[in-house]
Every structure is written in structure tokens, then in C-alpha cells.
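Colleague: no sequence on hand, only this structure:
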């Protein structure tokens, strides 16, 4: 097994460097999610000027999602379509890009369109990347090319993290000088995990 040590060490190193920006995104987003009030004070959401326009024809399609896709294509807007709300008088839905949320409202009778936009900033953009993809609104999730690609990247990051954990243990096993300290770290980690688990189950 020791003959594989140099190869595993190199793969461990370069895979770790490759996913470091993604781990940074997830780490920052966790802090932002935990400190919403602070972020709201230091980096408030900016409301951009509303846009009023008209659409010549509402491109009704087989589903609400397909209809919304046809609408944003006509309006020249790109992003991930979230929940679509529709009644006899109005169609409305948000279109989300990391750091920017656009809300579209269309009057079915007059074909008038109201576009409102909120610039949420780069820190809140990491929240969007952290939570997407996810279980919320799963029927619509991943309807933009960006989100389809991000979904693949998010899975890839998880798989590489699992590999880094396994390869890290493999590399540590052959470093005799670090053997005792490694056991201390593993035991401390196991105790911390067990303690948090017990707190959650209380």
C-alpha cells in the first residue's frame, strides 16, 4: 500500500486546491446565513428602478414553467425561474441570478409588464449557491443552464471532499510522526460530533 503514497499525496493536494474556491463559497455562505441581521445592516439590499413595458403576446405553453420561460425569452431576461403564480388577471414569478432577484408581473388583459429588481450583493449570492440545488420547489429547480451546471459542480465538490477525507486518513496512516496527534484529533472530533448529536436529539 505504501507504494501508492506519492500518487495519493499528489492527487490529494491538487484536488484540494481545485475545490478550495467552492469550499470558500460554502463557508462564507454559512456565515452569511447565520448572521443575517449583521449582513442586512452592513450590506443592505438595493432596490433598482422599476421597468414598465409591454409584451405583444403571452406565450402560453404546456406548463407554468414553460410559459415563464417563453416570457423571459421575449423580455431578454436570464436566470433561474422560481415559483410561478397565476390567476385570471395576472402572471407573476421571480427570476434569480446570484446577487440579483428580478420579479416579473404581467397583466393578462393589457399585456403590461412590471419588472422590479433587487440587487442583493455578492455575499447573499453565496447563499443562493449554497441552497441551490435543494429540496425546495423541486419541480422547478434547475430550469436554467447555470443552475444545471452548478448542480453538477455541487455534486462534484461533495465527491471530492469525500475522497479528500479518505485519502487524508490514508496519508496520515503512513506518517508515523503524526500518528499520536492524529488519534487525538480523531477522538476529539468524534466527541464533538457525539456531543452535538446529543444536543440535537434532546
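Modeller: Sure, I can see it. All values reported here derive from a predicted model rather than from experimental measurement. Numbers count the residues shown, from 1 in each chain.

Colleague: where's the spatially most central residue of the chain relative to residue 78, distance?
Modeller: Nearest to the geometric centre of the chain sits residue 129, at 1.9 Å (CA atoms, centre = their mean). From residue 129 over to residue 78 the distance is 16 Å, taken as CB to CB, to the nearest Å. C-beta coordinates here come from the backbone N, C-alpha and C atoms, glycine included.

Colleague: likewise for residue 182?
Modeller: Counting by CB to CB - residue 182 and residue 78 are separated by 48 Å.

Colleague: for burial, what's the neighbour tally of residue 189?
Modeller: 10 (other CB atoms under 10 Å).

Colleague: quick one: it and residue 182, what's the gap?
Modeller: In this view, residue 189 and residue 182 are 11 Å apart by CB to CB.

Colleague: below-threshold pLDDT in the protein: ranges please.
Modeller: 133-140, 200, 202 (pLDDT under 70).

Colleague: domains of it?
Modeller: 1-43+121-202, 46-119 (automatic domain parsing).

Colleague: pick the most deeply packed of these.
Modeller: Counting by mean count of other CB atoms under 10 Å, domain 46-119 has the highest mean neighbour count of the domains of the chain, with a mean of 15.

Colleague: for residue 35, give me phi and psi.
Modeller: Main-chain dihedrals, residue 35, degrees, to the nearest 10: phi -130, psi 50.

Colleague: same question for the one 3 residues further on.
Modeller: Summarising the backbone geometry of residue 38 under the convention degrees, to the nearest 10, its torsions are phi -60, psi -40.

Colleague: any idea how far residue 123 is from it?
Modeller: From residue 38 to residue 123 the distance is 10 Å (CB to CB).

Colleague: do residue 51 as well
Modeller: Taking CB to CB, one finds residue 51 at 25 Å from residue 123.

Colleague: quick one: the strands in the chain?
Modeller: 46-54, 80-81, 85-86, 90-97, 100-107, 112-119 (DSSP state E).

Colleague: out of these, flag the one nearest residue 3.
Modeller: strand 80-81 (47.3 Å; CB to CB).

Colleague: from the chain's centre, how far out does the closest one sit?
Modeller: Centroid displacement of strand 80-81 relative to its chain, using CA atoms, centre = their mean, to the nearest Å, is 13 Å.

Colleague: tell me what it is packed against?
Modeller: When contacts are defined as 3 or more CB pairs under 8 Å, 6 or more residues apart in numbering; DSSP states H and E, strand 80-81 sits against helix 64-75, strand 90-97.
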